[in-house]
Structures are given as structure tokens and as C-alpha cells.
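Visitor: predicted model follows, preceded by the sequence.
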Amino acid sequence: MTFRTAFCCFLTLASAALAAAGGKARGIPPATQPGPPANFLTAAQQWKVESGAWKVDAAKGTASVTADDTVAELAATRGTRLAGRWLSLKVVLTGDAARAGLRFSGLRDDAEQTLRIVLDAAEGGLTNGRAKTLAPLPAGALQSPVEIILTFSKDRLLIEHAGVQVAELAVKFEDQQPAVSLLAERGTVVFREVILSGQPVLVEVPPRKPPEPGIPPVRPDKVEPAPEPVAGPRVAVDFTGADMRTLKSGWNDYFGVHVDTGPGPWKTIRQYDGPGFGMPPGDRHTGAVKTLDGPFAKMPVQMSLGDFGDWKRKDAGRLDSHIKTLADQDRSAIFIAPWVQPFTFVQQDQVWAFMKLLYGGHVAAEGRIFFQWGDDITSRRLGAATNRNLHSTTPRASSTGGRRGRDDTVEAYVEYYFAPAVEAVRLASSEVYKDPARIPVLMGSALRPSDPINRAWLIRALDSTIAGEIALSLKGRTVCELVDYITLDYPFFRATDANALQEFWDRYGMKVKGLWVTSEYGATGKGPADLIKSAALYLDWAARMQLDASRTRLIWNLPEEKPDKPAMRELVRKLGESFTGPLRAASQKTGETVLYRIAAGDSRMLLVNIPPESRRARRPDPIQEITLTVPAAQAARQWTARILSEKDRKQPAAGTAVPVEKNGAGLVLKLDANARDTWALIVEAQ
């Protein structure tokens with residue numbers, strides 16, 4: 001049967017699938033039966049959940065799972081002959097980064113690896129499940145049920161989508177009857193059909209290597225997975241590898257800083273011109289004061305944008321003077337809203353009046369000035385205020401105290417701070433823009449979401465339904481419905497991955513406009529290598545999710561009291577000024593560590609080595625040499641490399657020079673770096 005004939009059979013004999021599923025002919029299981037198409041999922045096939053929480057509905061012929069970053073796998077307990085047959089896969093993927101596909105145990109691809117065919121929403125096409133793209137798919141193909149057809153011969157695999165062949169691979173059978181597994185990762189996946197048809201043929205299978213003399217053979221069900229290769233003394237990486245994903249924005253759009261008014265390449269500043277941004281003490285007012293009739297307390301409200309600034313600093317400017325400056329510099333400002341809990345009707349009137357004066361009187365404020373409703377809400381306090389005594393009324397969930405993660409602190413934040421503030425914002429937005437949702441709402445920042453207890457607290461808050469004890473107009477609404485941007489502080493604290501960001505994006509990425517990191521590095525930062533580590537983890541995640549700087553950004557906090565602030569500020573500045581080309585990001589497993597590559601244009605790259613969190617893993621040999629393939633047009637230029645190590649306390653902030661040798665179209669970087677340490681290489685063409 002030819003492939004085209006087989007495809008026609010699939011269309012005309014779909015009703016025969018259920019009949020074939022009975023498997024009555026000669027007692028052969030339907031999954032191995034030749035002839036009409038048979039759905040693996042309706043057939044009398046036995047499936048075993050290897051990982052994840054799968055739901056298999058044999059009556060409907062579907063299998064579904066919601067998977068996180070860990071691959072969820074559903075494996076067939078018996079193999080089937082594939083050579084000479086075609087297999088149709090119809091699957092629905094939900095999530096910008098969802099991945100789903102098939103794994104064939106006993107069948108190798110042209111790289112001598114177990115064959116995987118994976119639909120990757122982030123890549124927008126077919127991959128081999130190990131970052132190699134097999135074929136792109138048309139735009140929007142993965143946003144609806146997608147069908148691919150695989151046709152197996154004795155040594156080739158043809159892949160077709162929408163009646164068009166998109167890829168051809170060399171394959172090698174190691175088993176007459178490979179076993180099929182369904183895979184899913186980072187999203188919700190529903191397999192609607194896994195249909196097999198065609199006439200199976202025998203293939204030559206290489207004989208298995210006999211066991212060494214004196215060593216008894218190992219039973220198949222006792223085979224342990226092969227250990228990860230240990231990082232050797234030499235590593236090869238590619239500057240323009242096919243695995244590198246292009247980011248949608250530039251370095252300085254993604255990264256900003258805390259508290260700044262001076263020149264710099266960064267485009268976002270948190271607490272512009274002063275960490276103590278807040279209300280004026282007493283009844284003092286500055287600038288043009290306006291009196292408005294408050295809709296909540298039903299009393300006059302006096303308000304001026306000149307009231308808002310850092311009242312602890314005599315030289316600090318005021319918000320009314322900063323709006324034009326921000327517009328001229330093309331910068332955005334994020335402020336912690338200067339109100340504290342418990343909210344009163346008077347405070348609601350202040351918020352309403354403030355938003356009306358700001359957004360109703362200044363076109364440049366829209367899309368440029370943002371307010372977070374709370375700061376470190378999982379552990380410390382809400383809002384910012386000159387009168388610190390008011391913080392005694394703030395519900396606490398201290399990272400060390402007994403109230404950590406308690407539900408009553410969630411209720412206190414939602415009912416008595418967030419909801420009444422947002423009610424006032426939405427009323428002002430309706431009056432200014434005729435749209436209650438046009439003024440953006442930023443959730444209060446969650447501290448250290450790498451801690452599972454902090455993540456759980458924020459999830460409970462986002463999923464909470466408002467009772468309307470103060471904000472009656474929002475009764476019955478969930479917090480997430482009202483949030484435009486989720487904000488996190490220090491998501492990479494004691495972390496070697498971006499799982500905290502990923503969990504919130506998987507849960508809420510389709511419901512909110514963005515996920516912003518409003519503080520990173522901070523008082524616990526450990527120098528240049530630590531900062532660059534966070535940058536690499538962040539950009540790699542943004543690249544995988546394909547998010548631009550309107551949907552995600554990260555703000556560096558370089559505390560005044562830290563002696564390394566000048567050096568770290570200079571590092572952030574130099575990175576922003578030099579990494580100006582289009583960004584690309586990729587990561588690769590090297591033994592037990594992960595090596596991240598962040599390229600800017602074709603003449604600069606960060607190589608960042610991040611060891612596993614566990615220190616009990618085997619200690620690999622130091623990496624003595626990295627071979628870096630660079631674009632051919634850049635090979636003749638003079639290249640330099642500097643290493644920054646988290647372990648080298650005496651190292652200058654600019655790093656230590658690393659010898660660079662040219663080798664044809666590549667570079668050889670000579671170093672002696674422990675693969676179990678965090679370190680970064682800055683490689684540049686002069």
C-alpha cells in the first residue's frame with residue numbers, strides 16, 4: 001500500500017477503526033493487526049503511566065495530561081511492527097510553550113538516539129525533542145488540532161502535514177516491534193487519535209551484543225538508565241547553532257534598574273528617583289493642588305501630583321516633574337503604590353483622585369508609569385508610606401515567622417488592600433478612558449518565589465474570589481481576572497533554573513498581559529557571575545516562551561549598602577551598552593551542569609556555566625578548553641574573553657582575561673574552570 005493510498009484509507013475507513021479495535025482476527029492485538037486503520041487509544045492496547053497524571057478514555061479514543069517542565073510519558077506495554085506502516089497523530093496543544101509527541105523505544109534516528117517526533121509550540125514546528133528542528137509548520141498550525149502522518153519504511157521515515165511532506169529521516173530498527181510512548185511537556189495536551197495502518201514488513205535487526213563472560217544478563221525490566229556523561233576537559237559550542245532561539249526584544253528593553261534618574265542604557269526603572277516614594281507627611285501639599293469630590297467617602301479630596309516623591313531626600317524631584325523626563329528619555333517607571341492596609345474609603349478616594357490626575361492629565365503616563373499594589377506581599381508589607389508605624393496593621397507572612405503562608409494573610413491582602421485599591425483604579429479608568437480596565441493593575445510583588453511556600457501563597461491569592469467586604473462592586477470576581485501583570489522579586493534566589501517563572505506562566509500566562517521581575521540580585525547577590533547567571537536563566541526562559549519586553553522584564557536591585565554596588569552598576573551598564581544586537585539564547589547539558597549561551601548580534605556572547613543545585617553529584621573534571629564556532633564573517637577579527645567566577649573573591653569585577661586562539665572558523669578558549677562552580681565567560685570581537 002502506498003502512502004497516498006494509505007492516507008485515503010484513513011479518511012474513508014475512519015468508521016472501521018472501532019471495528020478494528022475489537023481485535024478478533026486470529027486473536028492478534030489490534031495495535032499489531034494489519035489492514036484498516038486502528039486507533040491505538042480505542043484498541044485493546046495496554047498503557048502504563050511512566051510519569052505525569054494521564055487520563056485515557058478508551059471509549060472516546062483520547063489521552064490527555066497537563067504537564068509541567070518535566071516530561072509526562074504514557075507508554076504502550078507491548079510493541080508493534082512499524083516498518084511498512086503509517087501512523088497518524090492528531091493532537092491539541094494548549095500553552096505557548098506546550099510540547100507533545102511520540103517516542104519509539106527500539107527505533108533510532110540518524111543521530112543514533114531513540115527516535116522522538118515532537119510538536120513544539122514555542123518553536124512553531126516539529127523537533128526531535130532535543131532542540132533540533134526537523135521542520136517548521138505554517139503559522140497558526142499549532143493553535144488548532146494538528147495532524148501529522150508518519151510513514152515508516154525499513155530505513156526511512158517520511159513526515160507529512162496537511163498533505164505535504166515536511167521531513168524525511170534515516171531510521172534504524174533495533175527491535176522488530178518498537179514500543180510507542182506519548183510525550184507531553186509544559187502545557188495541556190490532548191491526543192485525539194493515534195491511528196496505525198498499513199502492511200507491516202520484517203526488517204533486519206542487528207544482533208544484540210552478548211554479555212561479558214561471567215556477567216549474567218540483565219533482565220529488561222531491571223535495566224537502569226545510562227548515567228549522564230561527565231563534563232570533560234573540552235567543550236564545543238556553536239555561536240549560531242540551530243538550537244538558538246531569537247528573542248523578541250533587545251537587552252535594554254528586558255533589563256532595568258532600581259532608583260535612578262541619570263543616564264544609562266536601561267529602559268525601565270523601579271522607584272524612579274528614590275526608594276521612599278510616597279505620600280507627603282501631614283497635610284503638606286506641593287504643586288498645583290486640585291479638589292475633587294470623592295465617590296467613596298463622599299468628601300472633598302485635595303490632591304497634587306507634586307505631593308508624590310521621596311520625602312526622605314531634600315533633593316528628590318516630584319512625580320509631576322518626572323513625567324516629561326520619562327517621556328523624553330523613553331523610559332518606564334514602576335512604583336510601589338504609596339498606600340498601606342487597611343484601606344479606608346478616604347484612601348480609596350485618594351487612589352481614585354491620583355489616577356485621574358495622572359492618567360487623565362498626562363498622555364505620556366499611559367503605558368509608561370505603573371503601580372504595584374504591594375511589595376513583597378508574601379513576607380513583609382504592603383505599600384510604601386512615610387509613617388512606618390502604619391505597618392503594624394499589615395498582615396505578615398514572614399519567611400521565618402509562624403504566620404508564613406497562612407490563608408488569613410491571603411484574605412487580608414485580597415479583601416482589605418488589593419480589592420479596594422483596584423476598585424478605585426477601575427472607577428478612575430472608566431471616567432478617564434471610558435474603559436475600567438485600561439489603567440494597568442500590577443499585583444504586589446511576591447518575594448522569593450523559588451520557595452514553594454511563597455509560590456503557594458501567591459497562587460492562593462491569585463485564585464481567590466473577592467467577597468466584597470469593602471470593594472462591593474468586585475464581589476465574585478477572582479483576583480487573577482483583575483490583574484494585568486504578575487510581579488515577582490528574586491525568583492532566582494538559590495535556584496539553578498527558571499521553574500518559578502515557568503509555573504506562574506503555565507498557570508496564568510494566558511490570563512494576564514505579562515510576568516515581570518521587579519527585583520533581582522539584591523542583598524544576597526554574590527558578585528558578577530551570580531548576576532550574569534540570573535540574566536542567562538531569565539533570557540533563556542524568555543526565549544523559550546517567545547515573550548517580548550512588554551510581557552516580561554527584569555529589574556536589577558543593587559543595594560546602596562553593598563560595597564560592590566559601584567562595580568555591579570558598572571557591569572550592568574557595560575552589558576547594556578555592548579549587548580545591543582539581536583539576542584539569541586540556548587542551553588545545553590554538559591555532564592551534570594548546564595551551559596547557557598546568550599548571543600548579541602554576531603560578535604558577542606555570554607557563556608554561563610550553572611551547576612546543579614545538589615552538591616552530592618559526581619564532581620567532573622575542570623573544563624580546560626572551549627571550542628567556539630563563530631560566524632565566518634567574524635573569524636578574522638580579534639576576539640577577547642574574560643571569565644567571572646562566583647568562587648574567585650579576589651577577581652576584578654571586569655573579570656580575568658582568558659587566552660583565545662584561532663582555529664579556522666572557530667576560537668579555542670583556554671581556561672581551567674571547575675564545572676561545579678557558577679562562572680561566566682564574556683566573549684567579544686574587537
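Guide: Received, thanks. Numbers count the residues shown, from 1 in each chain.

Visitor: could you identify the helix or strand that succeeds the lengthiest strand in the chain?
Guide: Longest strand of the chain, by residue count under DSSP state E: strand 187-198. Heading C-terminal from strand 187-198, the first helix or strand you meet, by DSSP states H and E, is strand 234-238.

Visitor: can you give the contact residues for that following strand?
Guide: Contact with strand 234-238 is made by 244, 588, 590, 595, 597, 607, 623-629, as judged by Cβ atoms under 8 Å, 6 or more residues apart in numbering. All C-beta atoms are positioned from the backbone trio N, CA, C, and that covers glycine.

Visitor: check stretch 657-672 too.
Guide: By Cβ under 8 Å, 6+ apart, stretch 657-672 touches 622-630, 632, 635, 639-643, 681, 683.

Visitor: again, but for stretch 47-56
Guide: 41, 62-67, 70-77, 181-182, 184.

Visitor: go again with 10 Å.
Guide: 40-41, 45, 58, 62-68, 70-77, 103, 180-185, 189-191 (Cβ atoms under 10 Å, 6 or more residues apart in numbering).

Visitor: can you show me the helices along this structure?
Guide: 3-12, 16-21, 251-254, 319-329, 345-361, 407-413, 419-433, 452-463, 479-482, 499-508, 528-545, 565-578 (DSSP state H).

Visitor: report the angle between the axes of the longest one and helix 565-578?
Guide: Our comparison of helix 528-545 with helix 565-578, counting by axes from the mean of the first three to the mean of the last three Cα atoms, to 10 degrees, yields an angle of 40 degrees.

Visitor: give me the low-pLDDT residue ranges for the protein?
Guide: Within the chain, the stretches with pLDDT under 70 are 1-36, 43-45, 130-131, 207-233, 281-283, 341, 380-381, 383-408, 614-621, 649-650.

Visitor: can you list the domains in it?
Guide: With automatic domain parsing as the criterion, the domains of the chain are listed as 3-205, 234-246+588-685, 255-579.

Visitor: and the last one, how far out from the chain's middle?
Guide: Spelled out, it's domain 255-579. Offset of domain 255-579 from its chain centre (Cα atoms, centre = their mean, to the nearest Å): 20 Å.

Visitor: ends of that domain, how far apart?
Guide: Terminal residues of domain 255-579 lie 11 Å apart, using Cα to Cα, to the nearest Å.

Visitor: go on, stretch 52-70?
Guide: End to end - Cα to Cα - stretch 52-70 spans 8 Å.

Visitor: can you pull the buried residues of that stretch?
Guide: Using 16 or more other Cβ atoms under 10 Å as the test for burial, stretch 52-70 gives 52, 54, 56, 61-67.

Visitor: farthest-apart pair in those, please.
Guide: 61 and 67 (20.3 Å; Cβ to Cβ).

Visitor: distance of residue 503 relative to residue 486?
Guide: 11 Å (Cβ to Cβ, to the nearest Å).

Visitor: for residue 548, same thing?
Guide: For residue 548 relative to residue 486 (Cβ to Cβ), the value is 16 Å.

Visitor: compare the two (neighbour count), which wins?
Guide: residue 486 (26 against 15; other Cβ atoms under 10 Å).

Visitor: that one contacts residue 500, correct?
Guide: No: using Cβ atoms under 10 Å, residue 486 is not in contact with residue 500; the gap is 11.2 Å.

Visitor: overlap in contacts, the two.
Guide: 446, 449, 458.

Visitor: need the contact list for the last one.
Guide: This points to residue 458. Here residue 458 is in contact with 377-378, 410, 413, 443-447, 449, 479, 486-488, 500, 503-504, 508 (Cβ under 10 Å, 6+ apart).

Visitor: and with 8 Å instead?
Guide: 377-378, 443, 446, 449, 486, 504.

Visitor: over to residue 628?
Guide: 237-239, 605, 607, 666-669, 683.

Visitor: closest to residue 300 among these?
Guide: residue 605 (60.0 Å).

Visitor: quick one: that closest one and residue 624, what's the gap?
Guide: Computed as Cβ to Cβ, the residue 605 to residue 624 distance reads 19 Å.

Visitor: compare the two (neighbour count), which wins?
Guide: residue 605 (24 against 14).

Visitor: doesn't residue 683 make contact with that one?
Guide: Yes: counting by Cβ atoms under 8 Å, residue 683 is a contact partner of residue 605 at 4.8 Å.

Visitor: so which of the contacts of residue 628 are in strands?
Guide: Filtering the contacts of residue 628 for strands - DSSP E - leaves 237-238, 605, 607, 666-669, 683.
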